[in-house]
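1. let's see this in three dimensions:
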Amino acid sequence: MDVDGFWDLVERSAQESSNREDRVAWLEDQLSRLPAEEIVDFKAWFTLSANRACTWELYAACWMITNSGSSDGFEYFVDWLISLGRDAFDAVMDCPDHIIDLPEVQRLFELSRTYTRRQVSLSKDGGIRLIRLTRMRRVCWPDEDWPGFERFSNAATRAYRQAMGSDRAHPAEALRARGITSAFPFLSFIAQPNGEEWDFSDSVELMRRLPRLARHYGIADEAVAELPAKADTPTDGRRYTPWPHQVRLYDEGPRAWSFRRPRAGGRPVARALKP
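-> Next up, the predicted model:
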């Protein structure tokens, strides 16, 4: 199986199914009909694609979008990105910042925007501002939209076991024989994403590497960072960079509240909500 055959199966699996469970089942069924060597070919192309995506820039994009920096979460994020098809994958590989253009990512933004309803009211004397958030549905991102798809990458392994007639068979051995190893998981200082490591909390560097994604999340660029400090800006020399987060409203209650008294002479301002 060549690379075109690999991407053809990836994209056909989406066309031939209506949900993730059916998609994985369809892909596993199609692969199980192939000789074991071709199943290894599919797994090889999947692994090479994932290795290509294992970069610091895409890791940062994953962190910003999912609000999680775990290595396994990044691996499942890459599996999901591969499942979106060749054009989407290549566009993000050419420029990780282009991930913001993907319809699937735009849907995540819309789901996040509509997850809660925000209402603001002031006390009679105007001294306290009350922000009330009401959860509009049980979860922010449904499973079908979640930017992680571990089961998609495991379909080839299950098909390989069927072809070999053994639950202990694994294509990793055949891949190693070809000189192919996975960049995931990177759980040590030795195994890390490709490229130059950099600090994700550095807003200037984020603006340089992922400008559109950074602006979407309100991360200030260097010019904004150099503006004169305001009255409530910390004076200890640290920079407090805004970071994307999703409001987490648990089952204990459907509402979240935030209060803050204004500083002298100022307007009442609400604090950022905490889980």
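2. and the host helix or strand of residue 45, C-alpha only, in PDB?
-> Here residue 45 sits within helix 36-53, counting by DSSP states H and E. Output of helix 36-53 as PDB, limited to C-alpha atoms (Å, rounded to 0.1, in the frame of the first residue of the first chain):
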ATOM      1  CA  ALA A  36      -0.900  -8.700   6.800                       C
ATOM      2  CA  GLU A  37       1.900  -7.000   4.900                       C
ATOM      3  CA  GLU A  38      -0.500  -4.300   3.600                       C
ATOM      4  CA  ILE A  39      -1.900  -3.800   7.100                       C
ATOM      5  CA  VAL A  40       1.600  -3.100   8.200                       C
ATOM      6  CA  ASP A  41       1.900  -0.700   5.300                       C
ATOM      7  CA  PHE A  42      -1.100   1.200   6.500                       C
ATOM      8  CA  LYS A  43       0.300   1.300  10.100                       C
ATOM      9  CA  ALA A  44       3.600   2.500   8.700                       C
ATOM     10  CA  TRP A  45       2.100   5.400   6.900                       C
ATOM     11  CA  PHE A  46       0.000   6.300   9.900                       C
ATOM     12  CA  THR A  47       3.100   6.300  12.100                       C
ATOM     13  CA  LEU A  48       5.100   8.300   9.700                       C
ATOM     14  CA  SER A  49       2.300  10.900   9.500                       C
ATOM     15  CA  ALA A  50       2.000  11.100  13.300                       C
ATOM     16  CA  ASN A  51       5.800  11.500  13.600                       C
ATOM     17  CA  ARG A  52       5.700  14.300  11.100                       C
ATOM     18  CA  ALA A  53       3.000  16.000  13.300                       C
END
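3. and it, what does it pack onto?
-> helix 3-15, helix 20-32, helix 71-83, helix 86-94, helix 150-164, helix 171-177 (3 or more CB pairs under 8 Å, 6 or more residues apart in numbering; DSSP states H and E). Glycine gets a C-beta too; all of them are placed from N, C-alpha and C.
4. and of the ones you listed, who's closest to residue 210?
-> helix 86-94 (11.3 Å; CB to CB).
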